[in-house]
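**Student:** Predicted coordinates and the sequence they were generated for:
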Amino acid sequence: MKNFEKEELKKISYNCRKATFLIEKKQITKITLQEEAELKIHLVGCSICAMFMKQSILLNKMIHNLFNRNHAELKLDTKFKKKLQQQIEDHINNDRAY
């Protein structure tokens, strides 16, 4: 009985590894019809891999948006830069006083 349980756990573990591999592969390139069918069947019965897929898709979208964003909007305003420059100069001058 214990051997059967270990074999079943190995099979389930292998299926989850394969499913997560296919989830990632699908986001990079196309997967075959057989891979798509295997993934769908696995996701029906495995809520953990289904959650992994949702999280993986979300993370990939966030990273894509981060690196493809218009960086012009990330500039500091002039008032803030002047204040920061003054703080740096004050700090440097205070260090020289010692």
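**Tutor:** Here it is on my side, so go on.
**Student:** tell me the centre residue of the chain?
**Tutor:** L59 (3.6 Å; Cα atoms, centre = their mean).
**Student:** That one is in what secondary structure piece?
**Tutor:** Using DSSP states H and E, L59 sits in helix 47-67.
**Student:** and what of H91?
**Tutor:** Assigned by DSSP H and E, H91 falls within helix 78-97.
**Student:** For M53, give its distance to L22.
**Tutor:** Between M53 and L22 the computed distance is 9 Å (Cβ to Cβ, to the nearest Å). To be clear about C-beta, it is placed using only N, CA and C from the backbone, and glycine gets the same treatment.
**Student:** thought I23 was touching C49?
**Tutor:** Yes - look at I23 against C49 with Cβ atoms under 8 Å: they come within range, at 7.2 Å.
**Student:** Contacts only, for the residue nearest to the centre of the chain.
**Tutor:** With contact set as Cβ atoms under 8 Å, 6 or more residues apart in numbering, L59 has no partners.
**Student:** mind checking which helix or strand of this protein has the lowest mean pLDDT?
**Tutor:** Here the helix or strand of the chain ranked lowest by mean pLDDT, DSSP states H and E is helix 2-28, holding a mean of 78.
**Student:** could you check the angle helix 47-67 makes with the helix or strand that comes right after it?
**Tutor:** Scanning forward in sequence from helix 2-28 by DSSP H and E, the next helix or strand is helix 33-45. With axes from the mean of the first three to the mean of the last three Cα atoms, to 10 degrees as the basis, helix 33-45 and helix 47-67 are set at 110 degrees to each other.
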